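*Asks:* Build me a model from this:
(chains A and B)
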2 protein chains.
Amino acid sequence: MPHSLLRPGSTPPSPETLARFARIVGPACAISNPDDMTPHLHEWRGRYHGRAALVLKPATVGEVSQIMALAFETRTAIVPQGGNTGLVGGQIPFETGNEVVLSLSRLNNIRAVDPVSNTITAEAGVTLAAAQAAAEAADRMLPLSLAAEGSCQIGGNLATNAGGVSVLAHGNARALTLGLEVVLADGRVWDGLRSLKKDNTGYSLRDIFVGSEGTLGIITAAVLKLGPRPSSQAVAFAGLSSLRDVARLFAMSLQSAGPALTAFELIPRIGLDFVLRHGPNCRDPLALPYPWCALIEISKTHAEGDADAAASAILERAFGEGVIGDAVLANSLSQAREFWKLRELLSEAQKQEGGSVKHDVSVAIANIPAFIERASKAVERLVPGARPVVFGHYGDGNIHYNVSQPLGADTAAFLNRWDEISEAVHAVVLEFDGSISAEHGVGRMKRDLLARIKSPVELDLMRRIKDALDPRGVLNPGKLL
Amino acid sequence: MPHSLLRPGSTPPSPETLARFARIVGPACAISNPDDMTPHLHEWRGRYHGRAALVLKPATVGEVSQIMALAFETRTAIVPQGGNTGLVGGQIPFETGNEVVLSLSRLNNIRAVDPVSNTITAEAGVTLAAAQAAAEAADRMLPLSLAAEGSCQIGGNLATNAGGVSVLAHGNARALTLGLEVVLADGRVWDGLRSLKKDNTGYSLRDIFVGSEGTLGIITAAVLKLGPRPSSQAVAFAGLSSLRDVARLFAMSLQSAGPALTAFELIPRIGLDFVLRHGPNCRDPLALPYPWCALIEISKTHAEGDADAAASAILERAFGEGVIGDAVLANSLSQAREFWKLRELLSEAQKQEGGSVKHDVSVAIANIPAFIERASKAVERLVPGARPVVFGHYGDGNIHYNVSQPLGADTAAFLNRWDEISEAVHAVVLEFDGSISAEHGVGRMKRDLLARIKSPVELDLMRRIKDALDPRGVLNPGKLL
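*Replies:* Residues are numbered from 1 along each chain as shown, chains lettered A, B, ... in the order given. Modelled structure (predicted):
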């Protein structure tokens, strides 16, 4: 078969091709030494391992453009990579060693911060934390916040449409994106770096690239929205008897605080117990052990008044109506951080309890209680004694439905049933017309699953878009679609 | 040339094809009588007039699906139409009479209102006002509001990514869209009617159809976000000496009120004078004639406190710092409506002053003052005495840069220079990397302009998307692209 008909990634690039790639970025930034390649070939939790023909670290959009033009010409598979913090393996090459990893980390300039238009223009390799800091230096806030923010990068955040803890009030990465600069599959550069809130001059190309996991183009820079920094924040920790009460408390909080409600996180008893058991210096803010807890954050800008007063009003009403059993309002920034720590340590603490089968799912808000009840019944039927640890971004309908192994069970044997358990949980998600990947994306992990659960029409539409924008299939082949 | 190779719309559909179309919807809903067709063939301002082979009024998604399958088979050009309130002719067929108009007006069911998930599921033909009313009946708000809301329809709102007066706090139609049901060019139905805030399972097909002006698919239903209804609103009318001061007042208002700032509209002296002269029972809220006025709206939900207090705090600070010369806070709902009326009557009042060349443009917020100054100089150079009436959604960077004829000039002669004037204004917009259609879309009006001003890369990307989703070119040919 002539090389031109082979699927990119199915054969190794020739030595000549690799030499041409290396010349684009210079020898220091074309890495083929196994030790130096290592950080780019392994997912941080150890679930995905790959090999690569080369790791390229371009420093400019021009270099990225040349790399893609050459990849297009030679049908070389390119795996774009940001901070390598993804959870579904989208950024890791396959085991063939035929692919070239394209690290965006050296495109790390903040091109502009405009506090009047409330925008930041950042290159793909800027870490989220650096972008947040640049916004703060201009007395603004970039309202995107993730556990990985110290190392994840803006390009990866947009390519995966990152979520996190600020979505409730500010939306996901897509909602913050005004403009993009993208290198296309054939090396051409689309300059869509506009700072416009309103622009109805054609198809929303921006939204096609956001969330496409590097399969349609390489995002090299973006204009993102900034907001005012809050002048006061209140964080409350409430104990509740049932999911129905959690639903009522969420409705009350939203109705009352409106856009000032910036977080509403669900924490289950078992998860809190894990954190209290394994976390450093953690204590239960409440005197009694409630089946469910909610972490509520309210943020106010200057003239909107006091966040504590707003939070107190909600808690008092909820207590009066019997919705909550107890609640504590953080009385200092350090206590607020302690409350947040209880939420943030949930994943980590779960590790100490043995194997865990994880799911990142979403359903409509109204369906959360019924979804959790039904999924937990399905899991219990399948693996008696398995311990669902159900937490997450309640206000976004985004539940991290994780299942810890039964007490004393064999970890390997339990984890061997991952697919079986996932299938049961996902079946319930689909009954509720939910999503089997709310914020983590598809990558390698859920690609085959997607092919099974999406409608043929939807898969065909995605395939048509892919073929239209990456006709030779050089962009992250085998991921997502 | 075989019929199959002709461009849809270039030849009349055969009588057999028309009869097959008619059978799908039944004779009462397949309109060929000229009188009954008339409302579907003319743009309400009289700028666009077309002819059609047939007007079809399907009542179900199934009928729309059959219509598109037949259009695909027979290569018949279809012009989708909602409330026929568009301003750029996208919904009007061409003069050939070879196209079939597909009116969505009978798909007018509200399928669901979910006050817990805060969503409404409405069919394409539901008027925006009916959707707003359904939300209100459930004590919620659909935060999309346009002058045409009594007759425009949800399908058209989404197909054109409608803007309006609620964009500042709530975003445009795209930002409110969670899920879509779309009939594709070949009649297949994409069921993407999900109520999920977070769903990272592939390309955002939803965003491809929103704003595509009926050229990629027929939106038949949508899930839209609802919000809490505000419990208090404050509307203020402020007088300012310069655009620099308007910029300062906007920054102050946003910093202070954050997401509670729900409108910040710019009104120029000349526009206010037109309204005072021609509007019924209009009076200037301010004692002195300021060069610029701003209408500020602040909306609060229950526990967020008092909107009047928040607005007063902003106005007091602005007055203290010399940013505003004067301001009035509406002391009743009826006074608030009077203030809004001054803004809403601007277009109407301008008509009474003779010919007007209109532009719907946007630039980054920081560039608004410089854009207005430079555009006004360009217009004055071209047509001495021409009177720019520059108003609009300041907080969105969206300026309706309209130019009234010089006093006493010949209206026809002035309007003959429309293209020349537009070219001058648009040239300044493009200098600032702005948009030549912020909220009205492209349609027929700006299609050729788009081809001239968009980069070849961007046009190629749009063309690829169009070819991928409408390979036979049956969907609204000759519009947008």
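*Asks:* nearest residue to the residue most central in space within chain A other than its sequence neighbours?
*Replies:* Closest to where the C-alpha atoms of chain A average out (C-alpha atoms, centre = their mean) is A:Ala162, at 3.8 Å. Distance criterion C-beta to C-beta, 6 or more residues apart in numbering or on different chains; nearest residue to A:Ala162, sequence neighbours excluded, is A:Ala173 at 4.5 Å. To be clear about C-beta, it is placed using only N, CA and C from the backbone, and glycine gets the same treatment.
*Asks:* before we move on, what about A:Glu43?
*Replies:* A:Ile92 (5.3 Å).
*Asks:* And A:Gly150, by the same measure?
*Replies:* Counting by C-beta to C-beta, 6+ apart, the residue nearest A:Gly150 is A:Ala129, at 4.9 Å.
*Asks:* would that neighbour count as being in a strand?
*Replies:* No: checked against DSSP: H, G, I helix; E, B strand; the rest coil, A:Ala129 lies outside a strand; its state is helix.
*Asks:* Now do stretch A:210-224: distance from first to last residue.
*Replies:* This stretch, stretch A:210-224, spans 12 Å end to end (C-alpha to C-alpha, to the nearest Å).
*Asks:* On the pLDDT front, check the residue nearest to A:Glu43 for me.
*Replies:* pLDDT, A:Ile92: 98.
*Asks:* returning to what we had before: next, the contact list for the residue nearest to the centre of chain A, please.
*Replies:* Neighbour list for A:Ala162: A:Leu144, A:Leu146, A:Cys152, A:Gly156, A:Asn172, A:Ala173, A:Glu439 [criterion: C-beta atoms under 8 Å, 6 or more residues apart in numbering or on different chains].
*Asks:* Name the nearest of those residues relative to B:Pro39.
*Replies:* Nearest to B:Pro39 out of the contacts of A:Ala162 is A:Asn172 (C-beta to C-beta; 41.4 Å).
*Asks:* Would you mind confirming that the closest one is in contact with A:Gly163?
*Replies:* Yes: counting by C-beta atoms under 8 Å, A:Gly163 is a contact partner of A:Asn172 at 4.9 Å.
*Asks:* got any residues that touch both of these two?
*Replies:* Common neighbours of A:Asn172 and A:Gly163 (C-beta under 8 Å, 6+ apart) are A:Glu439, B:Lys198.
*Asks:* Where does the residue nearest to the centre of chain A sit, in terms of helix or strand?
*Replies:* A:Ala162 is part of no helix or strand when elements are defined by DSSP states H and E.
*Asks:* and if you look at the one 3 residues further on?
*Replies:* Secondary structure here is read from DSSP H and E; on that basis A:Val165 sits in neither a helix nor a strand.
*Asks:* What number of neighbouring residues does it come out with?
*Replies:* 21 (other C-beta atoms under 10 Å in any protein chain shown).
*Asks:* Give me the three-state assignment for the residue nearest to it when sequence neighbours are not counted.
*Replies:* Distances taken as C-beta to C-beta, 6+ apart put A:Ser145 closest to A:Val165, at 5.2 Å, once the chain neighbours are dropped. Using three-state DSSP, the structure places A:Ser145 in coil.
*Asks:* Number of residues surrounding A:Ser145?
*Replies:* Per other C-beta under 10 Å, the neighbour tally for A:Ser145 reads 18.
*Asks:* okay, it: pLDDT?
*Replies:* For A:Ser145, the model assigns a pLDDT of 95.
*Asks:* In this structure it contacts A:Gly164, no?
*Replies:* Yes: A:Ser145 is within contact range of A:Gly164, at 5.0 Å (criterion: C-beta under 8 Å).
*Asks:* just to revisit the earlier point, how near is the residue nearest to A:Ala162 to A:Gly408?
*Replies:* According to C-beta to C-beta, to the nearest Å, A:Ala173 and A:Gly408 sit 41 Å apart.
*Asks:* More neighbours: which of these two?
*Replies:* Shown here are A:Ala173 and A:Gly408; by other C-beta under 10 Å, A:Ala173 has more neighbours (26 against 7).
*Asks:* any idea of the mean pLDDT in stretch A:367-382?
*Replies:* Average pLDDT, stretch A:367-382: 98.
*Asks:* in it, what's buried?
*Replies:* A:Asn367, A:Ile368, A:Pro369, A:Phe371, A:Ile372, A:Arg374, A:Ala375, A:Ser376, A:Ala378, A:Val379 (16 or more other C-beta atoms under 10 Å in any protein chain shown).
*Asks:* quick one: which helix or strand includes the residue lying closest to the fifth one once chain neighbours are set aside?
*Replies:* Excluding the flanking residues, the one nearest A:Ile372 by C-beta to C-beta, 6+ apart is A:Val390, at 5.4 Å. With elements delineated by DSSP H and E, A:Val390 resides in strand A:387-393, which encompasses its position.
*Asks:* cool, A:Ala257 as well?
*Replies:* With DSSP H and E as the criterion, A:Ala257 is inside helix A:243-257.
*Asks:* so does the helix or strand following that helix get close to chain B?
*Replies:* Going down the chain from helix A:243-257, the next helix or strand is strand A:261-268, by DSSP H and E. No: counting by C-beta under 8 Å from any C-beta of the partner chain, no contacts exist between strand A:261-268 and chain B, the nearest distance being 9.4 Å.
*Asks:* List of residues touching strand A:261-268?
*Replies:* A:165-166, A:168-170, A:230, A:233, A:246, A:250, A:253-254, A:291-299, A:342-343, A:346, A:388-395, A:399.
*Asks:* between it and helix A:243-257, how big is the angle?
*Replies:* Per axes from the mean of the first three to the mean of the last three C-alpha atoms, to 10 degrees, the angle that strand A:261-268 makes with helix A:243-257 is 170 degrees.
*Asks:* Next, report how far strand A:261-268 is displaced from the centre of its chain.
*Replies:* Counting by C-alpha atoms, centre = their mean, to the nearest Å, strand A:261-268 is centred 17 Å from the centre of its parent chain.
*Asks:* Give the buried residues for whichever helix or strand comes after that strand.
*Replies:* Going down the chain from strand A:261-268, the next helix or strand is helix A:269-278, by DSSP H and E. Across helix A:269-278, burial judged by 16+ other C-beta under 10 Å covers A:Ile270, A:Gly271, A:Leu272, A:Phe274, A:Val275.
*Asks:* I'd like the distance between the third one and B:Glu316.
*Replies:* This points to A:Leu272. Counting by C-beta to C-beta, the gap from A:Leu272 to B:Glu316 is 46 Å.
*Asks:* Please apply the same query to A:Ile372.
*Replies:* To B:Glu316, A:Ile372 is 49 Å away according to C-beta to C-beta.
*Asks:* Quick one: residues contacting A:Asn98.
*Replies:* A:Asn98 is in contact with A:Gly9, A:Ser10, A:Thr11, A:Pro12, A:Pro13, A:Ala53, A:Ala77, counting by C-beta under 8 Å, 6+ apart.
*Asks:* hang on, it in a strand?
*Replies:* No: A:Asn98 is assigned coil when assessed by three-state DSSP, not a strand.
*Asks:* Can you read off the pLDDT for it?
*Replies:* 97.
*Asks:* what's the first-to-last distance across stretch A:111-122?
*Replies:* In stretch A:111-122, first residue to last residue: 6 Å (C-alpha to C-alpha).
*Asks:* Figure out the helix or strand that A:Arg20 lives in.
*Replies:* helix A:15-25.
*Asks:* The helix or strand that comes right after that helix pairs with which strands, and in what direction?
*Replies:* Reading on from helix A:15-25 to the C-terminus, the next helix or strand found by DSSP H and E is strand A:30-31. With DSSP bridges as the test, strand A:30-31 is paired with strand A:54-56 (antiparallel).
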